[in-house]
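Peer 1: Sequence and predicted structure below; questions after.
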Amino acid sequence: MASFVVECLGWLVVGLFSLYIFQLLRDARRRLPPGPWPPKPLVGDLLDLGEDGQQHRTFLRLSERYGGLMCLRFGIVPHVIISTPEALRAVFHAGEGGKKADGIAGLPSLDVLSAMGHSAHTIFALPSQDGKWRALRKFAAAEMLAPRRISSGAGAQLQTKIVEALHRDVSGHAARGTPVVFRHAVLDNILSLLLSVLYSTDLEAKERAVFRDLIEEIVGMLGTANVSDVFPPLTALDLQGLRRRMTNLLTIMYRHFDEQVALRRRSRDAGEPRKNDVLDMVLDKEEGEWKQEGSLLSHDVMRVLLSDLYGAGASTTAALIEWGMVDLLQNPDVMRKVREELTSVLGDKPLMEESDIARLPYLQAVVKEILRLRMVVPLVPRKAEVDIEVNGYRIPKGTNVILNAWAINRSAGAWPDADRFVPERFLGGETRSYLGQDFEMIPFGLGRRICPGMPLAQKLIPLILGTLIHRFEWELPAEVRESGIDMKEKCGVVLSLVNPLTAIPKEI
Ligand code: HEM
């Protein structure tokens, strides 16, 4: 028996060694961008990634040695990391004859997303040539999150509702003298907004807290390094149990969607008035024209899309507002200037509205600076969908690519005092924006996969910040005043503070 085990171990070592030699020979011929060489057997550069949750900083440090376009190996999987605006521009101009083209519009397949068959339908896994991905994007961008849906009629009322609800929440804390946990307050209100847009419904406060925890856990799991992704031969074993856990979480999420659909079908069958929300639109399409097109938006596809939108929309916006409040609390002069502008423009008006945003240039500059400095999706994952020749290197089709957007937005060559919070840089002549045309600032990404939630976020961020500042003064809890805000950050899919920011409001 013992000799059998020894023989098996021997074959395993020989197998792994052959794999390593094969990898070395293959990679040496591929002209991949520079990086540590030779890679360590099996682990590649995994051991050099340093402290967990700090990958964005580690990648920046490594890029100072290997360049804005470098190749790291996580386990046996090569990843090309883009860390500077120049490298990003070069990759986006690597089309035939230097033409602009997004050759990295794919997404790597993460094993956790395969739970419950999610990856077969999710916008976060489908390749950009896939008809289903195009249909989902079109539906999300042109129907669900289109400016006409979120800025006029019912959409405008919803924004008023979120401002009122947030104001009510914070007023309650002000009356009780209790601290607001910004991340939770914003997440809860955005969830309410999304639930209203999608199903014309809301959750009880207790249920909402459960939902919020669910989303935070899902987003956390998406950012957890998974052995299955870096050693694909081990995928079936699900060694960390992440796929199993994700299955449980998605089951709860899907059940919620199924209940909403069942309720709505009953009310439609009973001839009750239409609500004309996203769910009515989905059911119309399911029953009508889309079914004839091969039922692209089937029940299964829609529940994946709606779950994706909660996660993508709520956690990012909540993290961004939390970072924004950190910057404003640490820069009392900027906070004062924003409040003065709000007071002079809004006068006695109790609450801010979307139409006020255009009359608040300083608030707009503050929002741009928060978006630049606080890249809440720090490492944007992509995959090469074609072979790309760039700067004398090659990114072969199928290679995983990571845009270190956190580092790109803070590039010293593009922004003076790049690590400092200076909203004034966006007043005056600065024309670069976050809309995806400028390679120096990509808070919502760029190219074919640019964030479809950008039009909604563009309105929500100034509205929420304006509401928090116009009617309230903020004081840090005594213990935080002494020690300063704990700036420890954790880099997952979303970059957030390890310890949530809290502050005590005083109604003005
Ligand atoms: C502060 C707010 C937000 C930020 C900073 C943000 C940022 C991003 C970024 C960087 C990407 C990757 C883009 C790329 O690959 O080029 C993305 C993708 C995405 N975002 Fe957002 N986002 C925000 C809010 C939202 C909202 C409100 C929604 C929807 C309700 C949303 C839905 C999505 C979806 C569905 C994708 C995937 C698109 C695809 O792969 O085709 N996001 N977002």
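Peer 2: Thanks, I have the structure now. Numbers count the residues shown, from 1 in each chain.
Peer 1: Kindly confirm my reading that residue 135 is in a strand.
Peer 2: No: according to DSSP: H, G, I helix; E, B strand; the rest coil, residue 135 belongs to no strand; its state is helix.
Peer 1: Quick one, grab the pLDDT at it.
Peer 2: Here the pLDDT value assigned to residue 135 is 85.
Peer 1: Repeat that for the one 10 residues further on.
Peer 2: Reading off the per-residue confidence, residue 145 sits at a pLDDT of 76.
Peer 1: do the same with residue 42
Peer 2: pLDDT recorded at residue 42 is 82.
Peer 1: Same question for residue 289.
Peer 2: 58.
Peer 1: what sits against whatever residue of the stretch 51-200 of the chain ends up closest to the ligand?
Peer 2: In the stretch 51-200 of the chain, no residue comes nearer to the ligand than residue 123, which is 4.9 Å away by C-beta to the nearest ligand atom. For the C-beta atoms, the positions are set from N, CA and C on the backbone; glycine is no exception. Counting by C-beta atoms under 8 Å, 6 or more residues apart in numbering, residue 123 touches 133, 136-137, 140, 305, 308.
Peer 1: got it, and residue 430?
Peer 2: Residue 430 neighbours (C-beta under 8 Å, 6+ apart): none.
Peer 1: let's see it at 10 Å
Peer 2: Residues near residue 430 by C-beta atoms under 10 Å, 6 or more residues apart in numbering: 365, 368, 415, 424.
Peer 1: before we move on, what about residue 454?
Peer 2: 141, 145, 434-436, 443-445.
Peer 1: try 7 Å
Peer 2: For residue 454, the contacting residues are residue 444, by C-beta atoms under 7 Å, 6 or more residues apart in numbering.
Peer 1: Helix, strand, or coil at the residue nearest to the spatial centre of the chain?
Peer 2: Taking C-alpha atoms, centre = their mean, the centroid of the chain lies closest to residue 377, which sits 4.6 Å from it. Classification of residue 377 using three-state DSSP returns coil.
Peer 1: how much space between it and the ligand?
Peer 2: For residue 377, the distance to the ligand (C-beta to the nearest ligand atom, to the nearest Å) stands at 4 Å.
Peer 1: backbone phi and psi for that residue, please?
Peer 2: Taking degrees, to the nearest 10, you get phi -110, psi 80 for the backbone angles of residue 377.
Peer 1: Could you check the pLDDT of it?
Peer 2: In this model, residue 377 is scored at 97, pLDDT.
Peer 1: repeat for the one 3 residues further on
Peer 2: What the model reports for residue 380 is a pLDDT of 97.
Peer 1: excluding its backbone neighbours, what's nearest it?
Peer 2: Distances taken as C-beta to C-beta, 6 or more residues apart in numbering place residue 403 nearest to residue 380, at 4.1 Å, with adjacent residues excluded.
Peer 1: My guess is residue 356 contacts residue 346. True?
Peer 2: Yes: using C-beta atoms under 7 Å, residue 356 is in contact with residue 346, at 6.3 Å.
Peer 1: What is the neighbour count of the closest residue to residue 460 other than its chain neighbours?
Peer 2: Distance criterion C-beta to C-beta, 6+ apart; nearest residue to residue 460, sequence neighbours excluded, is residue 317 at 5.8 Å. Number of residues near residue 317 (other C-beta atoms under 10 Å) recorded here: 22.
Peer 1: Enumerate every residue touching residue 317.
Peer 2: Residue 317 neighbours (C-beta under 7 Å, 6+ apart): 186, 190, 457, 460-461.
Peer 1: Mind doing that once more with 8 Å?
Peer 2: 186, 190, 457, 460-461, 464.
Peer 1: do residue 83 as well
Peer 2: Per C-beta under 8 Å, 6+ apart, neighbours of residue 83: 59-60, 63, 68-70, 404, 407-408.
Peer 1: 6 Å instead?
Peer 2: 63, 68, 404, 407 (C-beta atoms under 6 Å, 6 or more residues apart in numbering).
Peer 1: quick one: secondary structure of the closest residue to it other than its chain neighbours?
Peer 2: Leaving aside its sequence neighbours, residue 83 sits nearest to residue 63 (C-beta to C-beta, 6+ apart; 3.7 Å). Under three-state DSSP, residue 63 falls in the helix class.
Peer 1: Sort out which residues of stretch 18-37 are buried, please.
Peer 2: Of all the residues in stretch 18-37, those buried under the rule 16 or more other C-beta atoms under 10 Å are 20, 23, 27, 32-33, 35-36.
Peer 1: taking the residues you listed one by one, which sit in helices?
Peer 2: Among the buried residues of stretch 18-37, the residues falling in helices (DSSP state H) are 20, 23, 27.
Peer 1: returning to what we had before: export the contacts of residue 430 to TSV and tack on pLDDT?
Peer 2: What follows is these, written out as TSV (pLDDT from 0 to 100):
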residue	pLDDT
365	98
368	98
415	98
424	97
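Peer 1: between those residues, which is nearest the ligand?
Peer 2: Distances from the ligand to the contacts of residue 430, taken by C-beta to the nearest ligand atom, are shortest for residue 368, at 12.1 Å.
Peer 1: My read is that the closest one contacts residue 427, right?
Peer 2: No: the criterion here is C-beta atoms under 6 Å, and residue 368 misses it with residue 427 at 9.8 Å.
Peer 1: Comparing those two, which residue is more hemmed in?
Peer 2: residue 368 (21 against 12).
Peer 1: Can you verify residue 166 is assigned to a helix?
Peer 2: Yes: Residue 166 forms part of a helix when assessed by three-state DSSP.
Peer 1: Name all residues that make contact with it.
Peer 2: Counting by C-beta under 6 Å, 6+ apart, residue 166 has contacts 189, 467.
Peer 1: tell me the SS of the residue nearest to residue 380?
Peer 2: strand.
Peer 1: From the structure, what's the count of residues near it?
Peer 2: Other residues close to residue 403 by other C-beta under 10 Å number 26.
Peer 1: List, one by one, the residues from the stretch 251-400 of the chain near the ligand.
Peer 2: 308-309, 312-313, 316-317, 320, 376-377, 380 (C-beta under 6 Å from any ligand atom).
Peer 1: So which of these is surrounded by the most neighbours?
Peer 2: Within those, most neighbours by other C-beta under 10 Å means residue 320, with 27 neighbours.
Peer 1: hmm, back to that, and the contacts of residue 430, which are buried?
Peer 2: Going by neighbour count (16+ other C-beta under 10 Å), the contacts of residue 430 have 365, 368, 415 buried.
Peer 1: my read is the last one is in a strand, agree?
Peer 2: Yep, that's residue 415 we're talking about. No: the assignment for residue 415, made by three-state DSSP, is coil rather than a strand.
Peer 1: what's downstream of the helix or strand where residue 218 lies, the next helix or strand?
Peer 2: Residue 218 belongs to helix 205-222 when assigned by DSSP states H and E. Sequence-wise, the next helix or strand downstream of helix 205-222 (DSSP H and E) is helix 227-230.
Peer 1: distance between that next one and the chain's centre?
Peer 2: Chain-centre distance of helix 227-230: 21 Å, with C-alpha atoms, centre = their mean, to the nearest Å.
Peer 1: coming back round to it: dump the buried ones among the contacts of residue 430 to CSV, plus distance to residue 481.
Peer 2: Formatted as CSV, those follow (distance: C-beta to C-beta, whole Å):
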residue, distance to residue 481
365, 28
368, 29
415, 31
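Peer 1: Tell me if residue 262 really is in a strand.
Peer 2: No: judged by three-state DSSP, residue 262 forms no part of a strand; its state is helix.
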